[in-house]
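>>> sequence and predicted model, in that order:
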Amino acid sequence: MGTPIPLPDSTNPPSPDRFPIVVVEDDEAIRTLVSKVLGAQGYVVHTETTVEKALVRLKGLPAPILVVDKNLPGLTGIDLVETLRSARHDFEAILMTAHADVESLSRALHLGVFRCVLKPFHNEELSAAVAGAANRLFLRIDLRARKADLEARNAELEASLAKLHEAQQARMLGERLASIGRLAAGVAHEINTPLSSVLANLALMGEALAKVADAGVVTSELDEMLRDARAAADRVRVIVRDLKTFSRGDEERVGPVAIRPIIEATINMAYNEIRHRARLVKDYGESCRVHANEARLGQVVLNLLLNAAQAIPPGDEGSNEAGHEIRVVTRDEDETVLIEVKDTGSGIPKDVLERIFEPFFTTKPIGIGTGLGLSICHSIVTGFGGTIDVDSVVGFGTRVRVHLPKGRALSIHPTASPEPPPVRRARVLAVDDDAQFLRTIARVLGRENEVVQAGGGREALERLSSGEKFDAILCDLMMPEMTGMDLHAELCRIAPGEAAAMIFLTGGTFTPEAQAFLESVPNPRLSKPFDLKEMRRTVAEAVERRASAGR
């Protein structure tokens, strides 16, 4: 904040040459006398004969002291003081007069004249008056500088306090988000395992019903009920996925991806919502790749398109009388690529705009929005090293701009990887502390494989330690007593081949140790809730690798 300001010291007067003296006197003898007296004391003295000449002289002098005769030809000395006082304050005035009438003295004092000196005067009297004027001028200038410095320091202090308050608010928000994130991660983990069972069993029911549909056993009503159940369960899956994304960084790998196919696929998903509300305009620039993950980037674009559509009231699809528009723009901007979604909807009020990236904040009715959409978009985009910003005007619409770092194009040589048909029924060990989930795995894999169930890491370790062999081991990462990480470590020590056959099942909760573990091992992993085809393919590939290794 700087050093303290010293108080002016009236006992230590300023140097005489600090303030120039301007003597305005039409009598040459008096003018010469004043100049000699003050010059001998070290003052720099200028002399003038009229007010007009004095005004010209004073323009180039900072902080002068006037020694001026009251009676001058034309304008008087008091007129000179009055003229200067209206234009500047950094001067002092001493009035010389041979006739001290009350009216003139009253006017002079009102204008701030420091002292009146009667003619004829003593040299000491004049010197004392000038010294007093110089000291008073010094005090005034020094106090004014002190005031300006204090105001600057006060502004600096206010700015520092504002920054401190902003940092404190950011810290409090960070702590709140971290708490919400931990809660979201726990909720996601607890939901994912039973949700996996629900989705897998619904998929199995769909496969079974499809086989008997030709026999006329399945009614359209039963088929519709199954579709509705699967749609509702899938909606829960999307919400849990968003919770997982919000609670931690996305574990899926990122790399260079082309944005145009992602945007086109996402538009197809959202078009039914858009077409009843607005005209869709595509304004694509050069086709570029960005550093991202296809699925997560698609999730961002879908959120932005749906938000844009929902900001516009439904209208006549054919005429689109409101003239509303949703514009999707892509641009190459040096080191980044811009993706912009702009609508002509209702706009966002300023107080709402300040909170749109907060998790669980929504202005939509209950059951319509979770308040996670834009916070998820923010989390995903920043996770890719990009930025997202929103500007909006109520009644005119909203524009969301996403900037993502460019991704280098890779030369990809796809190789055919058809799912190999098993030459025999493989042995698969399923390890999880949830019995219902184990039964679901057995149903999903049981036709092609012999599925053995273990209710935890210790039970699995006992089987493997006794010499049992398996072609693949599906193991939950986080379990009580012995985690999947602990089981992997033990198998690396006693049976490295079995450790290599492990496929990890993740439900969404990751400690730093678990995250580091997954990044350090090459084993495949499946996220709950899993897709049936994905699980069957992953297991089949693991079995094939084991067979190729000559188990």
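Great, that's in hand.
>>> quick one: contacts for A454?
Applying CB atoms under 8 Å, 6 or more residues apart in numbering to A454 gives the contacts 429-431, 460, 463. (Glycine included, C-beta is placed from N, CA and C.)
>>> P405: which of the residues you listed is nearest?
V431 (39.5 Å; CB to CB).
>>> neighbours of the closest one, how many?
By other CB atoms under 10 Å, the residues close to V431 number 29.
>>> tell me the spacing between it and L474.
Taking CB to CB, to the nearest Å as the measure, V431 falls 7 Å from L474.
>>> confirm D332 sits in a strand?
Yes - assigned with DSSP: H, G, I helix; E, B strand; the rest coil, D332 falls within a strand.
>>> so what's it bridging to?
V337 (DSSP bridges).
>>> my read is that it contacts V290, right?
No - D332 is beyond contact range of V290, at 10.4 Å (criterion: CB atoms under 8 Å).
>>> more crowded one of these two?
Set D332 next to V290 and count neighbours by other CB under 10 Å: V290 wins out with 25 against 13.
>>> am I right that that one is in contact with E335?
No - here V290 does not reach E335: they are 11.0 Å apart, not a contact under CB under 8 Å.
>>> joint contacts of the two?
405-406.
>>> which one's the longest helix in the chain?
Criterion DSSP state H: the longest helix present in the chain is helix 123-212.
>>> quick one: list the elements packing against it.
If you count contacts as 3 or more CB pairs under 8 Å, 6 or more residues apart in numbering; DSSP states H and E, helix 123-212 packs onto helix 28-40, strand 65-69, strand 92-97, strand 115-118, helix 220-247, helix 435-445, helix 532-548.
>>> check these for me: which has the lowest mean pLDDT.
The minimum mean pLDDT among the helices and strands packed on helix 123-212 belongs to helix 220-247 (a mean of 66).
>>> pull the distance from stretch 464-472 to the chain's centre.
Between the centre of stretch 464-472 and the centre of its host chain there is 51 Å, according to CA atoms, centre = their mean, to the nearest Å.
>>> identify the residues contacting it?
Residues contacting stretch 464-472 (CB under 8 Å, 6+ apart): 426-429, 449, 452, 491, 494-495, 498, 501, 503, 539, 542-543, 546-547, 551.
>>> P405: what secondary structure?
Classification of P405 by three-state DSSP places it in strand.
>>> and for M478?
Strictly by three-state DSSP, M478 counts as coil.
>>> just checking, it touches D486?
No - taking contacts as CB under 8 Å, M478 lies outside contact range of D486: 10.6 Å.
>>> higher neighbour count, these two?
Between M478 and D486, counted using other CB under 10 Å, the more crowded position is M478 (18 against 14).
>>> separation between the spatially closest residue to G323 that is not a sequence neighbour and S392?
The shortest distance from G323 to any non-neighbouring residue, by CB to CB, 6 or more residues apart in numbering, is to T344 (7.5 Å). Per CB to CB, T344 is found 11 Å from S392.
>>> can you check A152 too?
Looking at A152 against S392, where the rule is CB to CB, the gap reads 37 Å.
>>> ok, those two, which is more surrounded?
Taking neighbours as other CB under 10 Å, A152 and S392 compare with S392 leading, 21 against 11.
>>> am I right that the more buried one falls within a strand?
Yes - with three-state DSSP as the criterion, S392 is part of a strand.
>>> enumerate every residue touching it.
With CB under 8 Å, 6+ apart, S392 has these contacts: 347-348, 353, 398-399.
>>> can you give me the strands for the stretch 251-400 of the chain?
Taking DSSP state E, counting those that start in this stretch, the strands of the stretch 251-400 of the chain run over residues 255-258, 279-284, 289-292, 325-333, 336-343, 387-393, 397-405.
>>> which of these sits closest to A148?
Within the strands of the stretch 251-400 of the chain, the stretch nearest A148 is strand 387-393; the backing value is 38.1 Å (CB to CB).
>>> and D69, what is it in contact with?
24-27, 30, 77, 96-97.
>>> nearest to K406 among these?
K406 has its nearest neighbour among these in V24, at 74.7 Å by CB to CB.
>>> look up the residues forming beta bridges with that closest one.
For V24, the beta-bridge partners are E48, V68 (DSSP bridges).
>>> angles on the backbone of L505, please.
Dihedral pair for L505: phi -100, psi 120, per degrees, to the nearest 10.
>>> would you map out the domains in the chain?
Each domain of the chain is listed here as a residue range: 16-121, 149-247, 255-405, 426-548, per automatic domain parsing.
>>> for those domains, which one sits closest to G132?
Between G132 and the domains of the chain, the tightest spacing by CB to CB is seen for domain 16-121, at 6.6 Å.
>>> let's verify A430: helix, strand, or coil?
strand.
>>> can you say which helix or strand has L72 in it?
In the assignment (DSSP states H and E), L72 maps to no helix and no strand.
>>> what subset of the contacts of stretch 464-472 is buried?
426-429, 449, 452, 491, 495, 498, 501, 503, 539, 542-543, 546 (16 or more other CB atoms under 10 Å).
>>> closest to S35 among these?
Of all the buried ones among the contacts of stretch 464-472, I503 has the smallest distance to S35: 104.6 Å, by CB to CB.
>>> returning to what we had before: ok, which of the strands of the stretch 251-400 of the chain comes nearest V45?
strand 387-393 (64.7 Å).
>>> give me the distance from the closest one to the chain's centre.
Remark: strand 387-393 is offset 11 Å from the chain centroid, using CA atoms, centre = their mean.
>>> ok, R536 touching E448?
Yes - counting by CB under 8 Å, R536 touches E448, with 7.4 Å between them.
>>> any regions of the stretch 1-150 of the chain where pLDDT drops low?
1-13 (pLDDT under 70).
>>> now do D343, the pLDDT please.
Value listed for D343 in the pLDDT field: 92.
>>> tell me who's in contact with it.
With CB under 8 Å, 6+ apart, D343 has these contacts: 278, 308-309, 311-312, 324-327, 397-399.
>>> ok, P64 next?
P64 is in contact with 19-22, 58, 91, counting by CB under 8 Å, 6+ apart.
>>> which ones among those residues lie within strands?
Counting by DSSP state E, the contacts of P64 place 21-22 in strands.
>>> closest to H403 among the contacts of P64?
Among the contacts of P64, F91 lies closest to H403 (CB to CB), at 58.3 Å.
>>> any idea how far that closest one is from P73?
Between F91 and P73 the distance is 22 Å, computed by CB to CB.
>>> neighbour count: these two, which is higher?
Counting neighbours by other CB under 10 Å for F91 and for P73 shows that F91 has the greater number, 24 against 9.
>>> residues near the residue lying closest to N123 once chain neighbours are set aside, how many?
Counting by CB to CB, 6+ apart, the nearest residue to N123 once its immediate chain neighbours are dropped is V37, at 4.9 Å. Counted with other CB under 10 Å, the neighbours of V37 add up to 19.
>>> what's the answer for the one 4 residues further on, then?
Neighbours of Q41 under the rule other CB under 10 Å: 14.
>>> contact partners for the residue lying closest to it once chain neighbours are set aside?
Sequence neighbours aside, P16 is the residue nearest to Q41 in space, at 5.6 Å (criterion: CB to CB, 6+ apart). P16 sits next to 41-43, 134 when contact means CB under 8 Å, 6+ apart.
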